[in-house]
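Q: my questions concern the predicted model and sequence given below.
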2 protein chains.
Amino acid sequence: MSADPFVATLHQWIEVTMRHSMRNFLRYARESGLSMSHLGAIFHIHRAGSCGVTEIGDYLGVTSAAASQMLDRLVEQGLVARTEDPEDRRVKRIELTAEGERALEAGIQARETWMSELAGILAEDEKRTITSALQLMIAKVRQLDESTITAHS
Amino acid sequence: MSADPFVATLHQWIEVTMRHSMRNFLRYARESGLSMSHLGAIFHIHRAGSCGVTEIGDYLGVTSAAASQMLDRLVEQGLVARTEDPEDRRVKRIELTAEGERALEAGIQARETWMSELAGILAEDEKRTITSALQLMIAKVRQLDESTITAHS
DNA sequence: CGTTATAATTCAGCTCGTTTAACTATTAAG
DNA sequence: CTTAATAGTTAAACGAGCTGAATTATAACG
């Protein structure tokens, strides 16, 4: 399929990552009563710090009506705060409450439980090698993200 | 949070991976008209090769009735084949059709479009280092999987 | 100022995924 | 052989999430 052994290996790694992470993540979603959209919104709000209703809808690929209704639930559950933007009083500032941040953390935790098991069966020098390799990739991806953002604006 | 720099770095990497992979994956799900459950089922059937209806339900955390109805749709769309098991005529053998395999491939592709961009901005020696680091982790995770399976049986 | 555009909400209506319960068919056990 | 257990399907009913259209409030433009 892909001649590049780097790409082939990355494919395999993501397959493994997805299988393990999604299993626990979906279980957490069920148990906490949060849908995929809810969690997507929570992640986006966390990253944005504060954002409008329509922006969340655009991010999730739904109408602003759908986003507004979804936020009703999240506000009702105390995960999200909806306040008026003083700069432009048409827009509502959507932010995570402390409890919302906690729910986000729990979701991330659920997603990554298998990681500590992995850490347990790796030797110290193996961990060091892998850590620096991953850090290199993280830096490169972030660099890619920034160039995409500036290209869009 | 976690004192181990290995675990901390792995956390960051999975955060990056998830953000990029899920964005395209969810878009693909929408466009192809397949739900998260549908795709989950397709992934599971692919991995199992062939399996029963109840098994899919258990995997997805739903009743066998729900699994049966979901499979109706997938059969209707020509992604899945439902045949009688000759060994035990109560069970139905669920398998992916050629078109089902193609849909699976497309989903994986969508999930991993950003990878080739990443490959483009890495030097050859960087790729080699990362490739071997990832291969080590993949091997270790598989080792972990096998010990879990045997523990369960 | 009046007009137009933007942000968010509300409501009616639709589809989808799910569950429970009843039912059929087949196999296993006493 | 009779009874119980297992695998799967079907049907009715419900809730969740989405859309489109109408509505309100604010901002920007001429």
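A: Nice, I can see it.
Q: closest to the centroid, which residue in chain A?
A: residue A:43 (4.4 Å; Cα atoms, centre = their mean).
Q: show me what the helix or strand hosting residue A:82 is packed up against.
A: Under the criterion of DSSP states H and E, residue A:82 resides in strand A:80-84. Packing partners of strand A:80-84 (3 or more Cβ pairs under 8 Å, 6 or more residues apart in numbering or on different chains; DSSP states H and E): helix A:64-76, strand A:92-96. Placement of C-beta: from N, CA and C, glycine included.
Q: can it be said to contact DNA strand C?
A: Yes: counting by Cβ under 7 Å from any atom of the strand, DNA strand C has neighbours in strand A:80-84: residue A:82.
Q: that strand pairs with which strands, parallel or anti?
A: strand A:92-96 (antiparallel) (DSSP bridges).
Q: so does the strand it pairs with get close to DNA strand C?
A: Yes: counting by Cβ under 7 Å from any atom of the strand, DNA strand C is contacted by strand A:92-96 at residue A:92.
Q: now do that strand: distance to the chain's middle.
A: 17 Å (Cα atoms, centre = their mean, to the nearest Å).
Q: same thing with stretch A:131-144?
A: 17 Å.
Q: ok, stretch A:106-113 near DNA strand D or not?
A: No: Stretch A:106-113 does not reach DNA strand D (Cβ under 7 Å from any atom of the strand); its nearest approach is 14.7 Å.
Q: and the helices in chain A, which stretches?
A: A:5-32, A:36-48, A:53-60, A:64-76, A:98-111, A:113-120, A:124-152 (DSSP state H).
Q: look at residue A:3 and report its pLDDT.
A: The score at residue A:3 is 66. That number is its pLDDT.
Q: again with residue A:131
A: 97.
Q: any idea how far it is from residue A:123?
A: 13 Å (Cβ to Cβ, to the nearest Å).
Q: the two: who's more crowded?
A: Just comparing residue A:131 and residue A:123: by other Cβ atoms under 10 Å in any protein chain shown the higher neighbour count belongs to residue A:131, 19 against 8.
Q: who's in contact with the more buried one?
A: Residues near residue A:131 by Cβ atoms under 8 Å, 6 or more residues apart in numbering or on different chains: B:5-6, B:9.
Q: what's the spacing between it and DNA strand D?
A: According to Cβ to the nearest atom of the strand, to the nearest Å, residue A:131 and DNA strand D sit 37 Å apart.
Q: repeat for residue A:119
A: Taken as Cβ to the nearest atom of the strand, the span from residue A:119 to DNA strand D is 34 Å.
Q: can you lay out the helices and strands packed on strand A:80-84 as JSON lines showing distance to residue B:92 and mean neighbour count?
A: As requested, the helices and strands packed on strand A:80-84 are exported to JSON lines (distance: least, Cβ to Cβ, whole Å; neighbours: other Cβ atoms under 10 Å in any protein chain shown):
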{"stretch": "helix A:64-76", "distance to residue B:92": "37", "mean neighbour count": "16"}
{"stretch": "strand A:92-96", "distance to residue B:92": "45", "mean neighbour count": "19"}
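Q: and the gap between the closest residue to residue A:49 other than its chain neighbours and residue B:124?
A: Ranked by Cβ to Cβ, 6 or more residues apart in numbering or on different chains and with sequence neighbours excluded, the top spatial neighbour of residue A:49 is residue A:95, at 7.4 Å. Computed as Cβ to Cβ, the residue A:95 to residue B:124 distance reads 45 Å.
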